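**Student:** predicted model and sequence below, questions to follow.
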Amino acid sequence: MISQIKPAVILLLIFTVLTGIVYPLVVTGIAQLVFPAQANGSLIIKNGKAAGSELIGQSFDDPKYFWGRLSATGPFPYNAYYAQTLTGSSGSNYGPTNPALMQEVQGRIEALKAADPTNTTPIPVDLVTSSGSGLDPDISVAAALYQVHRVAAARGLTDAQAKALVDQYTEGRQFGFLGEPRVNVLELNLALDAYKP
């Protein structure tokens with residue numbers, strides 16, 4: 001019996017060290033060398049401070065900003081989660097049979113119409129629903145274009161100036177064929193803040 005336990009314990013210790021310490025350190029080291037920005041959260045740094053992550057959506061509700069998809073992210077979603085400061089990120093998507101989904105969608109439709117009452121264009125679906133994760137940082141080009149007039153009016157810009165920024169920050173399909181063209185809301189809003197017409 002002892003002859004079977006001793007090798008089992010030794011193998012447990014070896015594999016614990018290999019898979020629990022060595023492997024994570026090697027993978028982390030390689031990630032820091034090859035992809036340092038992504039390994040550290042894909043943070044967008046402005047004026048020496050982290051403005052957000054390009055991978056996690058943030059909540060914008062001021063009319064002078066483009067609004068992203070519905071999300072339950074805190075005001076600083078790129079930080080570690082702390083309940084006291086409501087930072088961190090969490091999904092916010094509801095199932096199709098959940099009555100809260102229709103309530104949330106209707107509330108967002110009303111907010112969009114109230115923010116730009118003259119806009120009679122159909123509201124793109126991604127402005128009133130969450131993505132699968134509820135954390136999507138991007139919106140469709142149609143969703144960005146839907147908001148151009150409201151943002152331009154709130155900032156004293158022409159629609160053409162705001163649309164030019166949307167065009168500038170539109171990313172094509174990944175590898176030329178995956179997904180759809182999209183706009184990163186945080187990057188676009190940071191560009192708006194820095195824009196000098």
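**Tutor:** Looks like it arrived, so ask away. Predicted model only: the values in this text are computed from it and were never measured. Numbering: from 1, shown residues only.
**Student:** which of the helices or strands spans the residue nearest to residue 64 when sequence neighbours are not counted?
**Tutor:** Nearest residue to residue 64 in three dimensions, chain neighbours excluded: residue 154, at 3.8 Å (CB to CB, 6 or more residues apart in numbering). For glycine as for every other residue, the C-beta is placed from the backbone atoms N, C-alpha and C. Element membership for residue 154, per DSSP states H and E: helix 141-155.
**Student:** outside of that helix, which residues touch it?
**Tutor:** 62-67, 112, 115-116, 118-119, 121, 123-124, 126-127, 157-159, 161-163, 166, 170, 181-183, 188, 192 (CB atoms under 8 Å, 6 or more residues apart in numbering).
**Student:** what number of residues lie near the residue nearest to residue 64?
**Tutor:** 16 (other CB atoms under 10 Å).
**Student:** and it, how far from residue 183?
**Tutor:** Residue 154 sits at a distance of 18 Å from residue 183 (criterion: CB to CB, to the nearest Å).
**Student:** swap in residue 126?
**Tutor:** From residue 126 to residue 183 the distance is 11 Å (CB to CB).
**Student:** what packs against the host helix or strand of residue 107?
**Tutor:** Using DSSP H and E, residue 107 sits within helix 99-115. Counting contacts by 3 or more CB pairs under 8 Å, 6 or more residues apart in numbering; DSSP states H and E, helix 99-115 packs against no other helix or strand.
**Student:** what angle sits between that helix and helix 141-155?
**Tutor:** Interaxial angle, helix 99-115 versus helix 141-155 (axes from the mean of the first three to the mean of the last three CA atoms, to 10 degrees): 40 degrees.
**Student:** buried set for helix 99-115?
**Tutor:** Neighbour-count burial for helix 99-115, counted by 16 or more other CB atoms under 10 Å, picks out 101, 104, 105, 108, 112, 115.
**Student:** same check, this time on stretch 156-171
**Tutor:** 157, 161, 162, 163, 165, 166, 169, 170.
**Student:** how about the first one, nearest residue that isn't a chain neighbour?
**Tutor:** I take that to be residue 157. residue 197 (6.2 Å).
**Student:** ok, the third one next?
**Tutor:** With CB to CB, 6+ apart as the measure, residue 152 is the residue that lies nearest to residue 162, at 4.0 Å, once sequence neighbours are left out.
**Student:** can I see the domain layout of this structure?
**Tutor:** 1-40, 42-194 (automatic domain parsing).
**Student:** now the end-to-end length of the last one.
**Tutor:** Distance across domain 42-194, first residue to last, is 20 Å (CA to CA, to the nearest Å).
**Student:** the first one now?
**Tutor:** Terminal residues of domain 1-40 are spaced 48 Å apart (CA to CA).
**Student:** do a quick rundown of the helices in the chain.
**Tutor:** With DSSP state H as the criterion, the chain has helices at 2-17, 23-34, 36-39, 99-115, 141-155, 159-168, 185-194.
**Student:** which two in the buried residues of stretch 156-171 are spaced the farthest apart?
**Tutor:** 157 and 170 (17.5 Å; CB to CB).
**Student:** ok, how many other residues are close to residue 43?
**Tutor:** 16.
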